[in-house]
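Prediction below, plus the sequence it came from.
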Amino acid sequence: TMEKVWNKEKKKKILDAFAPSPAAHAEETYKLTESSLNRYANTWVAMHTEACEATQIRGEQSDALLDTRMACLDRSFDRFSAMTALFSETADAELLNSAVKLTASLGDLSECADLETLAERLPLPSNPETREAVLDKQRDLDKLRLQSEAGNPSRALEGLQPILPLIEGLAHPPLQADALSLLGELQQERGDLKEAEETLRQAAEQAALAKDDRRAAKVWIDLVFLVGYEDSRALEGKTMARVARAAVLRAGGSTKLLAKLEGALGAISAGEMDWPSAKIHFSAAKKHFADVNDSSAQSRLDLAVSLLNLGTVLSSLGEFEKALSQMQEATEIWREAFGELHPKVASSHYNIGLLHFQQDEHEMALKELETALSIRKQVYGERHLLVAETLRLMALIASAQENYEETRELLEQVLEVQRETLRAEHPKICL
């Protein structure tokens, strides 16, 4: 089955889609993407074989459990197939920037080997027609989620709205939980926080009916972040975190879920400018992510975000040396995951440069900013606001060094980019 969607022909199609891009990181992104997809495909084949042998050769699991594992693997296969199809199309800048992260989001398939959790979940409908309808809508949801993660949430929301009544009509709680979770995330992305909150509460209810404790825990964590941080209702968010923590413990006390919960609480504290509390939560998130017992790319990326958050908080507390250490570690993870010429790596160098500037370490700041500027110019071109952002900080350093001629030249470049990319009355012009 895997051979049908991951073979030499499909790899060439993806290469042909990535190759025409003028982006400097296109070739490196293709290599990293192909490598990640290769690993996932090999793991999937090995797990598929093991599941079959466990029932048919070793007699270690029932036919019913085999069906449940196969349903999990089939869905993972459908996600993989949809992703390779997406990569086979013309790769725009948005897709190139998100390609490695998208492959990481496939996960490590450990969920399909968690026999205890799989056995507890509500199975697919026994009626063949209803079962196929549920599977068909699952595939639709996975494609829409992929579309959103690839940088087109508005289009995903447009595609989701017409199928919601059909999903509700099937009355299958696991499917409804998936659909409502996705809808809530898209509403949140659009800024409709009240609607998103209500939708996610419904998703948590359906996840409970589906006996999917892991899904329920994820939804409650999303609610903590939405309510406590994005909607600035800190006290409610913290209270909701108690429910989320109980859901995580019911789901087996997943280290990864505990890390995400601590990250949400850290964001709430940072939003209140309660830096000591934010430090406690982000430190806990970092520890949990570091303790995650898998080597998946997604776990490494989650750790990098945690390191950056902690570094930002430490900087606010004046603990610059510790902040620098966290940010440098995050940079290495992103460089390893995305390659040298990626916007994420450029942003990391910029943040480190800003940290050095705040400590009056001008030469070290300039070294980081020159790296960030080089990457951003190669990725975005000379006329981009992120290029202007970098030049502006370099101008501030030149001014601090009393090099006013260089300051003027840099600010003229900033103004030129701003005038080309922003409307004349935009408040950022000349700032």
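On my side now, so go ahead. On a predicted model such as this, the values are computed, not experimentally measured, just so you know.

what about residue 101, which helix or strand?
helix 93-105 (DSSP states H and E).

How far off centre is the helix or strand just after that helix?
Moving toward the C-terminus from helix 93-105, the next helix or strand (DSSP H and E) is helix 115-120. With C-alpha atoms, centre = their mean, to the nearest Å as the basis, helix 115-120 stands 26 Å off its chain's centre.

ditto for stretch 211-225
16 Å.

List the contacts of the residue nearest the centre of the chain.
The centre of the chain sits closest to residue 101, judged by C-alpha atoms, centre = their mean, with a distance of 6.5 Å. By C-beta atoms under 8 Å, 6 or more residues apart in numbering, the contact list for residue 101 reads 149, 301. C-beta: built from backbone N, CA, C; applies to glycine.

distance of it from residue 304?
11 Å (C-beta to C-beta, to the nearest Å).

next SSE after the lowest-mean-pLDDT helix or strand in the chain?
Lowest mean confidence among the helices and strands of the chain (mean pLDDT, DSSP states H and E): helix 115-120, at a mean of 80. With elements assigned by DSSP H and E, the helix or strand that comes after helix 115-120 is helix 128-149.

Give the rounded mean pLDDT of that following helix.
On average, the pLDDT along helix 128-149 is 94.

what comes up buried for it?
131, 133-135, 137-149 (16 or more other C-beta atoms under 10 Å).

Which elements pack onto it?
For helix 128-149, the packing partners by 3 or more C-beta pairs under 8 Å, 6 or more residues apart in numbering; DSSP states H and E come out as helix 63-88, helix 93-105, helix 153-160, helix 164-170, helix 173-190.

which other residues reach that helix?
Counting by C-beta under 8 Å, 6+ apart, 74-75, 78-79, 82-83, 86, 98, 101-102, 105, 124-125, 153, 155-157, 159-160, 163, 166-167, 170, 172, 175, 178-179, 182, 185-186, 189 sit against helix 128-149.

for stretch 376-387, same thing?
With C-beta under 8 Å, 6+ apart as the test, stretch 376-387 has contacts from 23-25, 341-343, 346, 373, 390, 417-418, 420-422.

can you give me the end-to-end distance of it?
In stretch 376-387, first residue to last residue: 6 Å (C-alpha to C-alpha, to the nearest Å).

Quick check: mean pLDDT of it?
Stretch 376-387 shows a mean pLDDT of 88.

circling back to that earlier point, tell me the most buried of the helices and strands packed on helix 128-149?
helix 173-190 (a mean of 22; mean count of other C-beta atoms under 10 Å).

Let me know the angle separating that one from helix 63-88.
Interaxial angle, helix 173-190 versus helix 63-88 (axes from the mean of the first three to the mean of the last three C-alpha atoms, to 10 degrees): 30 degrees.

what angle separates helix 173-190 from helix 153-160?
140 degrees.

what's the least confident helix or strand of the chain packed up against?
helix 63-88, helix 213-225.

can you list the residues that contact that helix?
Residues outside helix 115-120 that contact it (C-beta under 8 Å, 6+ apart): 61, 65, 68-69, 72, 111-112, 211, 213-214, 251-252.
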